[in-house]
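> got a structure for you, letters missing:
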């Protein structure tokens, strides 16, 4: 395995770092939060103008046509800055599946607007009491189109999205993924507060009529395959986010403990503090390495299920330890909303809760190993 970025991927990484260092300052992020606007519009416009948002969009539509790794590294950089830019919901969960499975007409209809930053998207993967590949939301045939009914709680980016990707069960029991403009008649979008402070959406679909051309791929590909494809890349992108959050948390902890004096010496020299820092460094390296391994294998088209479970385990378990240790060594400063650490802590907790218990991923990995 060679995780070295090629020139184009490195350019995406460096450009994302440069743009967010300029735009997503601590003062700017406080202003955005105070205004209750949970997308950094200026940073997003700059990322779109620089080609970061459309990095994975096919060259046929005037963009770079890069693989998964280019966008994944941008996701990690965004998390390291605590920046509220919707690379996960729009670029990974929206543009990529349309670019991979959409018809020429679907790609032409949606991808240019996503790439230029004027259109945000969201994918409603999750429902209560079932897995993403077995949605309870239905899509009954109605003439040449479909009518959607169901509920989709906890949709990341759903409040701001102008396009929704909705997995639903068809009349024959198969799965389809539908491209639904938002707002649309019959779509109700309710705000849901979550750990990060960036609200998500609870979508209710009641008699939402769409044309046959709203079915992603127009039936040429099994919708369950599309859902699985999206879910795997979403999980790995969240692991990349955790890597970025952990790296920034440990950096802040290192800077603070070198400056904070107690008994006329920096607290970084205390054995207990240095031990926790060392453990956090090991966890952060494990989170980063396993996330990159999974992202690289997806990018290369290699089997990656085991590596995804490894990455999810380290993100959920190691990420929890890193941000808690960083907050602990900061003392009261760690929970001060004027200080940037709280953004990384809250993001890490949200990712941990979304990925699920680390033991579940170990169990799935163990079953895979036993079956091999």
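Nice, thanks for sending it over. Just so you know, these numbers come straight off a predicted model, no measurement behind them.
> hang on, isn't residue 211 packed against residue 144?
Yes - here residue 211 reaches residue 144: they are 6.8 Å apart, a contact under C-beta atoms under 8 Å. Where C-beta positions appear, they are placed from N, C-alpha and C, glycine not excepted.
> just want to know which of these two has more residues nearby.
When neighbours are counted by other C-beta atoms under 10 Å, residue 211 and residue 144 differ, and residue 211 comes out ahead with 13 against 8.
> so who does the more buried one touch?
The neighbours of residue 211, taking C-beta atoms under 8 Å, 6 or more residues apart in numbering as the test, are 144, 145.
> tell me the pLDDT at it?
Here the pLDDT value assigned to residue 211 is 96.
> ok, the one 3 residues further on next?
Turning to residue 214, the model gives it a pLDDT of 97.
> show the contacting residues for it.
Residue 214 is in contact with 145, 146, 178, 179, 180, counting by C-beta under 8 Å, 6+ apart.
> I'd like to know how many residues surround the first one.
By that I understand residue 145. Neighbour count for residue 145, taken as other C-beta under 10 Å: 15.
> what sits closest to it if chain neighbours are left out?
Among residues not flanking residue 145 along the chain, residue 211 sits closest, at 4.6 Å (C-beta to C-beta, 6 or more residues apart in numbering).
> what lies in contact with the one helix or strand residue 369 maps to?
In the assignment (DSSP states H and E), residue 369 maps to helix 358-371. Applying C-beta under 8 Å, 6+ apart, the contact partners of helix 358-371 are 305, 306, 309, 310, 312, 313, 314, 316, 317, 355.
> got the buried residues for it?
358, 361, 364, 365 (16 or more other C-beta atoms under 10 Å).
> with stretch 31-51 instead?
Within stretch 31-51, the residues scored as buried using 16+ other C-beta under 10 Å are 32, 38, 39, 40, 43, 44, 45, 46, 47, 48, 50, 51.
> so which of these sit within helices?
When these are checked against helices (DSSP state H), the matches are 32, 43, 44, 45, 46, 47, 48.
> is it possible to export those to CSV including pLDDT and distance to residue 132?
Formatted as CSV, those follow (pLDDT from 0 to 100; distance: C-beta to C-beta, whole Å):
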residue, pLDDT, distance to residue 132
32, 90, 30
43, 96, 29
44, 97, 26
45, 97, 31
46, 97, 32
47, 97, 27
48, 96, 28
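> which stretches of the stretch 51-200 of the chain aren't confidently modelled?
61-62 (pLDDT under 70).
> what about the helices in it?
68-80, 96-101, 104-115 (DSSP state H, counting those that start in this stretch).
> ranking those helices by burial, who's on top?
When these are scored by mean count of other C-beta atoms under 10 Å, the highest mean neighbour count falls to helix 68-80 (a mean of 26).
> quick one, that helix and helix 41-49 angle?
Counting by axes from the mean of the first three to the mean of the last three C-alpha atoms, to 10 degrees, helix 68-80 lies at 160 degrees to helix 41-49.
> verify the stated contact: residue 30 with residue 338.
Yes - here residue 30 lies in contact with residue 338, judged by C-beta under 8 Å, at a distance of 7.1 Å.
> of those two, who's got more company?
residue 30 (14 against 9).
> show me the contacts for the more buried one.
So residue 30 contacts 337, 338 (C-beta under 8 Å, 6+ apart).
> for the residue nearest to residue 145, phi and psi?
Residue 211 adopts backbone torsions of phi -80, psi 170, taken as degrees, to the nearest 10.
> which helix or which strand is home to residue 316?
Here residue 316, judged by DSSP H and E, is contained in helix 305-330.
> quick one: that helix to helix 358-371, angle?
Interaxial angle, helix 305-330 versus helix 358-371 (the same axes, to 10 degrees): 150 degrees.
> pull out the buried residues from helix 305-330.
Neighbour-count burial for helix 305-330, with 16+ other C-beta under 10 Å as criterion, is recorded at 306-327, 329-330.
> tell me the angle of the helix or strand following that helix relative to helix 358-371?
As assigned by DSSP H and E, the chain's next helix or strand after helix 305-330 is helix 341-355. Counting by the same axes, to 10 degrees, helix 341-355 lies at 50 degrees to helix 358-371.
> so which residues make contact with helix 341-355?
Applying C-beta under 8 Å, 6+ apart, the contact partners of helix 341-355 are 29, 79, 82, 194-197, 235, 238-239, 241-242, 245-246, 248-249, 252, 312, 315-316, 319-320, 322-324, 326-327, 330, 333-336, 361.
> try 6 Å
Taking contacts as C-beta atoms under 6 Å, 6 or more residues apart in numbering, the residues outside helix 341-355 that touch it are 82, 195-196, 238, 241-242, 245, 248-249, 252, 312, 315-316, 319-320, 323, 327, 334.
> cool, stretch 266-279 as well?
Taking contacts as C-beta under 6 Å, 6+ apart, the residues outside stretch 266-279 that touch it are 257, 258, 260, 325, 329.
> circling back to that earlier point, which one of the buried residues of stretch 31-51 is nearest to residue 14?
Residue 14 lies nearest to residue 50 out of the buried residues of stretch 31-51, by C-beta to C-beta, at 10.2 Å.
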